[in-house]
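A.B. asks: This is a predicted model, with the sequence first.
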Amino acid sequence: MTSEHAEVQVRPGVEGDLEALTDLYNHYVRETPITFDTAEFTPEERRPWLLSHPEDGPYPLKVAVDTDSQEILGYATAGPFRGKPAYVTSVEVTVYLRPDAGRRGIGTLLYQALFEALAGEDVHRAYAGIAQPNEASTRLHERFGFRYVGTYREVGRKFGRYWDVAWYEKALRGS
């Protein structure tokens, strides 16, 4: 990408990334309230998720890779916001970084690539739900023009307590 981030390449996710992506996600399942999944996944269980993010279409998967080691540092995705037909032009976006990959601009690179991919799609709005507290994610989304629209209070229970989720939206086209 830029010379400032020359050690990181952002590319579409591919099937060969499945194990590393599953391991990365499972960290958040085990250790954090960032995702409300509560049981770890095997790569085979995550395969349908990976296949739901083709290179073309409104649900891309972008992967950040260390150019020297080829290790995955993080990923960003867009997915369906809700399952009903009228929501088809809305997507939910998310970013996950390896725990040691924060504060290097990788989330920014991933979102730049994701929103570039979405620019050519028939997508009207992007939404992001951020389990609270998560200042880094809030700052990233605000930097990309997301605006706060509300909080679902105590909407998820994990690790024996309830968590709030703040919702953000971003106009993508036609707004």
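C.D. replies: Received it, and whenever you're ready, just let me know what you need. Quantities reported herein were computed from a predicted structural model and do not represent experimental measurements. Residues are numbered from 1 along each chain as shown.

A.B. asks: gap between S137 and I34?
C.D. replies: Distance, S137 to I34, by Cβ to Cβ, to the nearest Å: 8 Å. Every residue, glycine included, has its C-beta placed from N, CA and C.

A.B. asks: Of the two, which one has the most company?
C.D. replies: Counted by other Cβ atoms under 10 Å, S137 and I34 do not tie: S137 has more neighbours, with 21 against 18.

A.B. asks: Please name the nearest non-neighbouring residue to the more buried one.
C.D. replies: Nearest in space to S137, with sequence neighbours left out and distances taken as Cβ to Cβ, 6 or more residues apart in numbering, is I130 at 4.8 Å.

A.B. asks: if I've got this straight, the one you found is in a strand?
C.D. replies: Yes: assigned with DSSP: H, G, I helix; E, B strand; the rest coil, I130 falls within a strand.

A.B. asks: That one against A166, yeah?
C.D. replies: Yes: I130 lies in contact with A166 (Cβ atoms under 8 Å); the separation is 5.0 Å.

A.B. asks: Which neighbours do these two have in common?
C.D. replies: Common neighbours of I130 and A166, using Cβ atoms under 8 Å, 6 or more residues apart in numbering, are T138.

A.B. asks: In terms of neighbours, single out the busier of the two.
C.D. replies: Taking neighbours as other Cβ under 10 Å, I130 and A166 compare with I130 leading, 22 against 19.

A.B. asks: Tell me how many other residues surround A86.
C.D. replies: Residues contacting A86 under the criterion other Cβ under 10 Å number 7.

A.B. asks: Where does it sit: helix, strand or coil?
C.D. replies: Three-state call for A86 (three-state DSSP): helix.

A.B. asks: Would you mind measuring from it to P80?
C.D. replies: A86 is 12 Å from P80, where distance means Cβ to Cβ.

A.B. asks: The residue nearest to S137: what's it in contact with?
C.D. replies: I130 makes contact with 137-138, 141, 165-168 under the criterion Cβ under 8 Å, 6+ apart.

A.B. asks: Among those residues, which one sits closest to E7?
C.D. replies: The nearest member of the contacts of I130 to E7, counting by Cβ to Cβ, is S137 at 22.8 Å.

A.B. asks: which stretches of the protein have low pLDDT?
C.D. replies: Applying pLDDT under 70 to the chain flags residues 1-6, 174-175.

A.B. asks: Specify the beta-bridge partners of the residue nearest the centre of the chain.
C.D. replies: The residue lying closest to the centre of the chain (Cα atoms, centre = their mean) is T94, at 2.1 Å. On the basis of DSSP bridges, T94 is bridged to T77.
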